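Undergrad: with the input below, show me the fold.
(chains A and B)
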Amino acid sequence: MNQSLVGAPRLLRLALRRDRVLLPVWVAALVLGSVSSVQATVDLYPDAASRAEAAAGINDNPAVVAIYGPLADVNSLGSLATFKLLLLGGVFVAMLCSVLVRRHTRLEEESGRAELIASTVVGRHALLAAAVTEAVLAAVLTGLLTALGNTAAGLDAPGSLAFGLAWTGLGLVGAGVTALCCQLTASTRTAGGLVALVLGAGYVLRAVGDLSAGWISWLSPFGWATQLRAYGDERWWVLALPVLLAAATLAGAVALADRRDVGAGLVPDRPGPARGRLGSVTGLTLRLHRGSALAWGLGILVLGAVMGGIAPGVADIAGSAEVQDMLRRTGGGGALVDAFLATEISFLAVAVTAFAVAAVGRASAEETEGRTESVLATATSRSALLGAVGLVALAGPVVLMLGFGLGASLTYGAQQDGVGVALGVLLPAALAPLPAVWLVSGVALLLFGVRARWATLGWAVLAGCLLLGQVGELLGLPAWVVGLSPYGHLPRLPAESFAIRPELALTAIAVALLALAAWRYRERDVG
Amino acid sequence: MQRDLAIEVHDAVKTFGRIRALDGLDLAVRTGEVHGFLGPNGAGKSTTLRALLGLLRIDAGTLRLLGGDPWRDATRLHRQLAYVPGDVSLWPNLSGGEVIDLLIRLRGGDPAASRRDELLARFELDPTKKGRAYSKGNRQKVALVAALASDVPLLLLDEPTSGLDPLMEQVFAQLVREWASGGRTVLLSSHILSEVEALCDRVTIIRAGRAVETGSLADMRHLRRTRVRAELLGPMDGIASVPGLHDVAVDDGVLTCTADPEAINDLLGKLAGIGVHGLTCSPPSLEELFLDVYRTPATQ
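TA: This is a model prediction of the structure:
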C-alpha cells in the first residue's frame, strides 16, 4: 500500500463505527423519502391522461423550474414522480457527504484528535482517504438503494438507476469540494461555509441556466443532475462529469495537504489585536457571527439580484401558444412573474431559517465546548446571553430577507418601473414570511432552553417543515399534519394579497415559544 | 450564617442521573484565607465550583457565597469574583488580548485601568495569538490574567496550574500570595499537593462528593503520626514497648518509626536514656495526609 495511506482501512472502520447512527438515519431518510413520494405519485396518477394533465404546465412554470429543475420528459411517470426530489434531495446527499468529510478530517484536526492519530502508524493522507471513502460509500449506497426502491415502487429500472446515480454524483461532488475546502482553512466552520457557498452558487447557476441560456446550467453539478435526464432519454455519459470534478477536487486537496502542517490551514492565522473592544455578551455574540452573517448577506443580496434580473424574462419560457394565450387573458405575464417571485421568496424563507437554526446551534456548541461557563461566571445574566442569541436568530433573518428584497428590487426595478416601485412591492413581500421563520427559530431556541444538546434537533424540525411543504399533500397526509409547517399559512406576496391574521397568529406563537425558552433556560443547569 | 465566611456549603447534594456528584458536602472558606480544595479526579471539585457559580442548581442543602445565594443572585455576586475553569476553552478566532479585555469588562472592570499588562509580562504571554493557536498552558494563562486583573474580593480557581510549566507555577504562586496578602479570599481546587501546601492556610479534602477532612495543615498534622529517625548510641531497650509507636525498625543502629502525637514525649525520654547522635522528626507531608485519608475506607 502507498505509504501515505497506511492505516486508512482501520480509520475507515473507526469512522463507520462513530457514524453508526448518523449514517443509517440519513441514508434511510433519503431513500424512504424518495420511495414514499414515488409510490404516492404512482397511486395518484394511474393512467397516462392524468399524468399528462399533471405534467402539463410544470415546464412552463418558471417558479417551479427555478426551484426543482425542468421535467426530463413530460410524458414519463418517473419524471413526474421524482422531479421535486432530484435536486432538493441531491442537496441533502451532498450535505451528508460534506458533513462526513468535515467530521473526519478538519474537525478531527481542530479538536486535536488528529494529532493523536497522526502519532500512530498512519500515513499522511490516511485520514482524508478514510473520510472520502466513507462519503463515497454513503453516496453510492444512497444512490443504489434509491434506484432499487424507486424500481420496486413501480418506475422503470434504467430511469431509477439514473436518478439514484444523479444523487450519487452530487454526493461525490460534495465530498470532493469539502475535501478541498478543508485544506484551505483551519476552521471546520469556515470550511463548511465555503462548501455551502459553492453548492449554493451551483444551485443558482443551474436555476439561471434553466430559465435563460441553457449552457449556464452545464457549469453546475446540479445542472448535470438534471441533464442526465433520468426517466427521460437518459444521457449516461453525463455521469462522468461529477466523477471527474470529484477526482479533480480530491487531487487538489491531496496536493494542498502536502503543503501544510497538521492542524493548520493553507491560509495561515494572522495575529489578532493585543487589546479588545468587546465588552458585552451581545457584542461577543455578534462578533462570533460576523463572518457567517457577512457571507450569508452577500450571498443573498447576489441571489436577489440574479432572481430579480431574470424575473421579467421568465414569462417568455412559458413557451406554448396556449399558455401565452391563457396568460394574456388571466392578467398577463405579470401574474407569472409575481408567482415566480413569491415562490422564490417562500423558499428563501426556509433557507434563511437555516441561518437562525445554525445560530442557535452555535450557542449550543459554545456551551458544550465550555465557553459559556466563562461568560456566565462573570456579571452576565442568563437572560442577557439568551437575548443575544435570540437577537441573532430573530433579527438576522429580517436583515437577510430585506437583503433579498433589496437585491431583487435593484435588478428587477431597473428593467421595469424603477427601483422605487420595485422596493415598494418586494420589501413587504420579502418580510411577509418572517413570522414562520421566527416560529421555527423559536422552537430551536426552546429546544436549546431545555437542554443545550437538543438545539441540534432544530435542524430536524426545519427539515420536517420543508418535507411537509414539499410532499405532505402528495403523500395524502391529513391537512392538520401538513399545517404543522408554519410556512404554508402566510400570504405569498406579491402573487397573493396581504393578510394580517396569520401574520399576527404566527408571531404570537413565536413570542410564546421565546418566553418558554427564556424560562427554561433560566431554570436549567449550564454546561 | 457566619459573617466571616466567604463561602459556606452545608450538606450539598447534586446528582447527575444515577451519579451522586455531591453527596452531603460541607465546605467553609473564611474571608481572607487561601483555601485548598483537594481531591482526586472525579471527587466533585468542579461540580462544587460550578454550583458556587450558579451554573448548576443543587438538589438539596444550602450554598452561601459572599452572603448571597449563588443561584438566585448569580449576576450580582459575579461582580465580586473571578473564576478560572479547569479546562479553559477560548474562542478560536478571537485573540488572547480580546478575550482578556472582554472577560474583565464582563466582570464590570476596566481593562485599561487594570494590571493586565503587568500580568501579561509576568506570565510571558503573547496576547495577539488567536484562541485556536494557544497551547493548554497558554489558554490557562489567558484565563488567569483575566481573573487576576479583575479587582474582586474572591478568586475561584479550578486546577489552575495543570498546564503550566514549573517556572510559571512559581509566577502563579507568587501572584496568589500577593493577591491574598490584600485580605482577599481564594478557593484553590487542586490535586497538586505541593502547591496547596505552599499556598494554602486551610485545606478541605473531599472524596466521592463528601468532605472527609478539613482544617489548617498544622491541625491536620497534629492528628497524624510524626516520622522519626534516630541514630542510636546503644541497644534499643524498651523502645518497642512505648505505646503509640508504629512501624518500628532498626537497621545498623538506625531506628525508624512513626509516632502518634501522644507517644512523642515517651519516645524522647527513652531515646535520651539510650543516647543518640542524630535525630530527625518530620511532620507528615500533605501527600501522606492525603494518601492516608484515601487509604482508609470511606466511613458512611
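Undergrad: centroid-nearest residue for chain B?
TA: B:Gly36 (2.3 Å; CA atoms, centre = their mean).
Undergrad: how about the contacts made by that residue?
TA: Counting by CB atoms under 8 Å, 6 or more residues apart in numbering or on different chains, B:Gly36 touches B:188, B:190, B:196, B:199-200, B:202-204. Using the backbone N, CA and C atoms, a C-beta is placed for each residue, glycine as well.
Undergrad: show me those that map onto helices.
TA: Taking DSSP state H as the definition of helices, these contribute B:196, B:199.
Undergrad: so A:Leu301 makes contact with A:Leu402?
TA: No. Using CB atoms under 8 Å, A:Leu301 is not in contact with A:Leu402, being 9.7 Å away.
Undergrad: which residues of the stretch 301-450 of chain A lie near chain B?
TA: A:369-371, A:373-382 (CB under 8 Å from any CB of the partner chain).
Undergrad: which two among the residues you listed are spaced furthest apart?
TA: The span of those, defined through CB to CB, is set by A:Glu369 and A:Ala379 at 21.9 Å.
Undergrad: which one's more surrounded, those two?
TA: A:Ala379 (19 against 15; other CB atoms under 10 Å in any protein chain shown).
Undergrad: mind listing what the residue in the stretch 201-300 of chain B that chain A sits nearest to touches?
TA: Chain A sits closest to B:Gly209 of the stretch 201-300 of chain B, with a gap of 16.1 Å, by CB to the nearest CB. Contacts for B:Gly209 (CB under 8 Å, 6+ apart) come out as B:14, B:20-25, B:43-44, B:47.
Undergrad: same check, this time on A:Ala444
TA: A:356-357, A:360-361, A:393, A:455, A:457-458, A:461-462.
Undergrad: may I see these arranged in TSV, with neighbour count, pLDDT and secondary structure as well?
TA: Output for the contacts of A:Ala444, formatted as TSV (neighbours: other CB atoms under 10 Å in any protein chain shown; pLDDT from 0 to 100; DSSP: H, G, I helix; E, B strand; the rest coil):
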residue	neighbour count	pLDDT	secondary structure
A:Ala356	27	97	helix
A:Val357	26	96	helix
A:Val360	27	97	helix
A:Gly361	21	95	helix
A:Ala393	30	97	helix
A:Ala455	27	95	helix
A:Leu457	17	94	helix
A:Gly458	27	95	helix
A:Val461	19	95	helix
A:Leu462	23	95	helix
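Undergrad: what's around residue 37, how many residues?
TA: Because you didn't say which chain, this covers chain A. Around A:Ser37 there are 22 residues (other CB under 10 Å).
Undergrad: hmm, no, I was thinking of chain B.
TA: 29.
Undergrad: ok, now B:Gly137?
TA: 16.
Undergrad: over to B:Val186?
TA: With other CB under 10 Å as criterion, B:Val186 counts 22.
Undergrad: now do the SS call for it.
TA: What DSSP: H, G, I helix; E, B strand; the rest coil gives for B:Val186 is strand.
Undergrad: quick one: contacts for it?
TA: Applying CB under 8 Å, 6+ apart, the residues contacting B:Val186 are B:33-35, B:154-155, B:157, B:176, B:179-180, B:199.
Undergrad: pull the most distant pair out of these.
TA: Farthest pair in the contacts of B:Val186, by CB to CB: B:Leu154 and B:Leu199, 15.6 Å.
Undergrad: so which strand or helix has A:Glu134?
TA: Per DSSP states H and E, A:Glu134 falls inside helix A:126-152.
Undergrad: so for that helix, what gets flagged as buried?
TA: A:126-151 (16 or more other CB atoms under 10 Å in any protein chain shown).
Undergrad: so what's B:Gly215 up against?
TA: B:Gly215 neighbours (CB under 8 Å, 6+ apart): B:202-203.
Undergrad: any idea which element A:Pro273 lies in?
TA: Per DSSP H and E, there is no helix or strand for A:Pro273.
Undergrad: for it, what are its contacts?
TA: A:Pro273 neighbours (CB under 8 Å, 6+ apart): B:95, B:97-98, B:128.
Undergrad: looking at the residues you listed, which two lie furthest apart in space?
TA: B:Glu98 and B:Thr128 (9.5 Å).
Undergrad: what do those two both touch?
TA: With CB under 8 Å, 6+ apart as the test, B:Glu98 and B:Thr128 both reach A:272-273.
Undergrad: more neighbours: those two, which one.
TA: B:Glu98 (26 against 15).
Undergrad: report pLDDT for the more buried one.
TA: As predicted, B:Glu98 sits at a pLDDT of 95.
Undergrad: what's the helix or strand for the closest residue to it other than its chain neighbours?
TA: With sequence-adjacent residues excluded and distances taken as CB to CB, 6 or more residues apart in numbering or on different chains, B:Glu98 is closest to A:Gly276, at 3.1 Å. Element membership for A:Gly276 (DSSP H and E) is empty, with no helix or strand holding it.
Undergrad: quick one on the thing from earlier: need the buried ones from the residues of the stretch 301-450 of chain A next to chain B selected in PyMOL.
TA: A single PyMOL command selects the buried members of those (16+ other CB under 10 Å):
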select buried, chain A and resi 371+373+374+375+376+377+378+379+380+381+382
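Undergrad: save the residues of the stretch 301-450 of chain A next to chain B as a markdown table, and put in secondary structure and pLDDT too.
TA: Converted to a markdown table, those look like this (DSSP: H, G, I helix; E, B strand; the rest coil; pLDDT from 0 to 100):
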| residue | secondary structure | pLDDT |
| --- | --- | --- |
| A:Glu369 | coil | 91 |
| A:Gly370 | coil | 92 |
| A:Arg371 | helix | 95 |
| A:Glu373 | helix | 94 |
| A:Ser374 | helix | 94 |
| A:Val375 | helix | 96 |
| A:Leu376 | helix | 96 |
| A:Ala377 | coil | 95 |
| A:Thr378 | coil | 95 |
| A:Ala379 | coil | 93 |
| A:Thr380 | coil | 95 |
| A:Ser381 | coil | 95 |
| A:Arg382 | helix | 96 |
